[in-house]
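In: Return a 3D structure for these sequence lines:
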Amino acid sequence: MDKKSSLIPMLIIGVLFFIFGFVTWLNGSLIPYLKVICDLNEFEALFVTFAFYIAYTVMAFPMAMLLEKTGYKKGMALGLFVMSLGALLFIPAALRAEYFIFLSALFVLGTGLTILQTASNPYIVLIGDIESAAMRISIMGLINKSAGVLAPLLFTAFILSDIGTTNALETVDTTKLAHILITPYIVMAVILFVLSLFVLFSSLEELKFEDDVYDTSNIFAFPRVILGAVALFFYVGIEVIAGDTIGLYAQSLGVPNATALTSYTMSFMVLGYLIGVFFIPKYLSQEKALILSALSGIVLLLGVAFSSVTGSHIITGIPDSVAFVAILGLANALVWPTIWPLALKDLGKHTAKASALLIMAIAGGALIPLVFGKIAQITENMQEAYLLGIVCYLIILFYALKGHKLQSWRA
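Out: Got it, this is the predicted structure:
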């Protein structure tokens with residue numbers, strides 16, 4: 001596909017990536033909010049991420065089979081429609097202030113996103129040269145994380161317009177707090193439904209996969225795919241920790257307007273994606289970018305665990321330890337864009353199955369934050385709980401150094 005013919009798909013997929021970011025990173029603001037409404041501890045509050053991201057694991061292969069029948073264009077329209085239903089579920093959840101209904105709504109939203117992610121990521125990888133795929137994904141990442149910056153700010157501005165700061169949440173009647181959620185999620189449902197019609201009647205072409213030289217139909221025969229999924233599992237885990245727990249962490253330290261701090265993490269991710277757009281592949285290979293990401297993540301986590309939790313940094317205005325959590329966004333930005341092309345290179349007709357497997361790895365965002373929350377609850381020290389992320393970065397580093405090079409399990 002030439003540059004001219006790839007422009008329209010890039011624009012349409014760019015709109016979808018904005019939706020991914022906006023819906024996904026609302027969770028970081030929603031967690032401390034629901035913590036008050038439903039009277040939750042830190043571990044219980046992180047079931048928000050579990051309900052949302054576990055949908056990717058449960059629904060990835062069923063949605064991949066659905067895409068084979070509907071085609072990618074109709075599948076993406078269906079995904080947006082399912083997301084609109086998930087947004088509407090927030091109405092009964094808010095009216096009853098029932099945590100289980102909130103979690104059910106988040107699962108439905110995650111299901112719709114599963115369809116969209118399974119279809120859109122291969123598009124971006126395959127509409128141009130594989131060596132520059134990370135650059136294209138970085139462009140999508142800029143759109144995605146720009147939405148991630150915007151979503152918490154809009155949420156905080158709307159929710160707190162009559163309240164003041166997040167520190168005042170616990171002084172407001174929980175019924176009133178719950179009902180405030182109804183209007184923004186109705187608006188979201190309408191927008192998602194309109195977008196589903198937009199995609200359905202757009203000029204987006206079906207994605208076609210060329211034949212390949214492999215004589216196996218078993219996707220598990222490709223180590224770089226399986227190990228790539230493992231690396232993505234741990235990556236999404238630490239990405240969600242950095243984006244969705246910063247509000248809880250800052251709230252525990254008494255930082256004002258903690259629900260807006262996910263925007264800090266997203267801002268650093270935007271900076272990281274800019275680096276990817278301008279430096280990959282001309283100055284920095286996808287492999288080296290992944291290595292640098294893993295190493296910098298480890299260094300930053302040490303900064304989180306061992307820096308000050310009091311006072312306000314002269315630049316960021318938040319405690320140093322919280323600032324290091326935000327800067328993890330910079331380390332995380334290029335992991336997803338580099339693992340995808342390394343895992344999908346030369347897979348031909350197996351690309352669709354590999355994509356579904358990589359999407360399933362998003363379950364790391366469901367499980368690893370729960371482990372983080374449990375460690376924080378048991379130790380009563382959220383700051384040191386962040387050291388869990390070092391395990392995630394070590395696994396990513398292994399994939400960058402060796403895992404993506406394996407052609408068979410015997411190598």
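In: low-scoring pLDDT stretches of the stretch 101-250 of the chain, where are they?
Out: Regions of the stretch 101-250 of the chain meeting the criterion pLDDT under 70 cover residues 159-173, 206-217.
In: For it, which segments count as helices?
Out: 133-159, 174-180, 182-200, 223-244, 246-252 (DSSP state H, counting those that start in this stretch).
In: May I see the buried residues of the helix or strand hosting residue 398?
Out: Taking DSSP states H and E as the criterion, residue 398 maps to helix 389-401. By neighbour count on 16 or more other Cβ atoms under 10 Å, the buried set for helix 389-401 is 389, 390, 392, 393, 395, 396, 397, 399, 400. No exception for glycine: its C-beta is placed from N, CA and C like everyone else's.
In: And residue 409, its phi and psi?
Out: phi -70, psi -10 (degrees, to the nearest 10).
In: Was I right to think it contacts residue 223?
Out: Yes: the criterion here is Cβ atoms under 8 Å, and residue 409 meets it with residue 223 at 5.6 Å.
In: Which one of these two is surrounded by more residues?
Out: residue 223 (19 against 10; other Cβ atoms under 10 Å).
In: gap between that one and residue 341?
Out: Per Cβ to Cβ, to the nearest Å, residue 223 is found 16 Å from residue 341.
In: Equivalent analysis for residue 71, please.
Out: For residue 71, the distance to residue 341 - Cβ to Cβ - is 24 Å.
In: Repeat that for residue 17.
Out: Relative to residue 341, and taking Cβ to Cβ, residue 17 is found at 16 Å.
In: and what of residue 139?
Out: Taken as Cβ to Cβ, the span from residue 139 to residue 341 is 14 Å.
In: With residue 258 instead?
Out: 36 Å.
In: repeat for residue 259
Out: 35 Å.
In: Residue 199 and residue 77 touch, don't they?
Out: Yes: counting by Cβ under 8 Å, residue 77 is a contact partner of residue 199 at 4.5 Å.
In: contacts for stretch 181-197?
Out: Stretch 181-197 has contacts (Cβ atoms under 8 Å, 6 or more residues apart in numbering) with 15, 19, 23, 33, 77-81, 83-85, 87-88, 90-91, 93-95, 112, 155, 158-159.
In: Selecting buried members of these in ChimeraX, what would you type?
Out: Restricted to buried positions by 16+ other Cβ under 10 Å, the ChimeraX selection for these reads:
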select :19,23,33,77,78,79,80,81,83,84,85,87,88,90,91,93,94,112,155,159
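In: After the host helix or strand of residue 86, which helix or strand is next?
Out: Element membership for residue 86, per DSSP H and E: helix 72-88. In the C-terminal direction, the helix or strand that comes right after helix 72-88 (DSSP H and E) is helix 90-96.
In: State the mean pLDDT of that next one.
Out: Average pLDDT, helix 90-96: 90.
In: what's next to it, contact-wise?
Out: Residues contacting helix 90-96 (Cβ under 8 Å, 6+ apart): 98, 101, 102, 104, 105, 178, 179, 180, 181, 182, 185, 186.
In: next one: stretch 116-125
Out: 9-10, 13, 16-17, 19-20, 56, 60, 63-64, 67, 72, 75-76, 79-80, 83, 133, 136-137, 140, 207, 340-341, 344, 351-352, 355-356, 358-359, 362.
In: Next, report how far that stretch is displaced from the centre of its chain.
Out: 14 Å (Cα atoms, centre = their mean, to the nearest Å).
In: where are the low-confidence patches of the stretch 301-411 of the chain?
Out: Residues of the stretch 301-411 of the chain that meet the cut-off, pLDDT under 70, sit at 311-317, 348-349, 411.
In: same thing but at 90, please
Out: 307-320, 340-341, 344-363, 365-367, 370, 373, 377, 379-382, 406-411 (pLDDT under 90).
In: Could you pull out the helices in it for me?
Out: Using DSSP H, counting those that start in this stretch, helices in the stretch 301-411 of the chain cover 320-332, 335-344, 351-360, 364-379, 382-385, 389-401.
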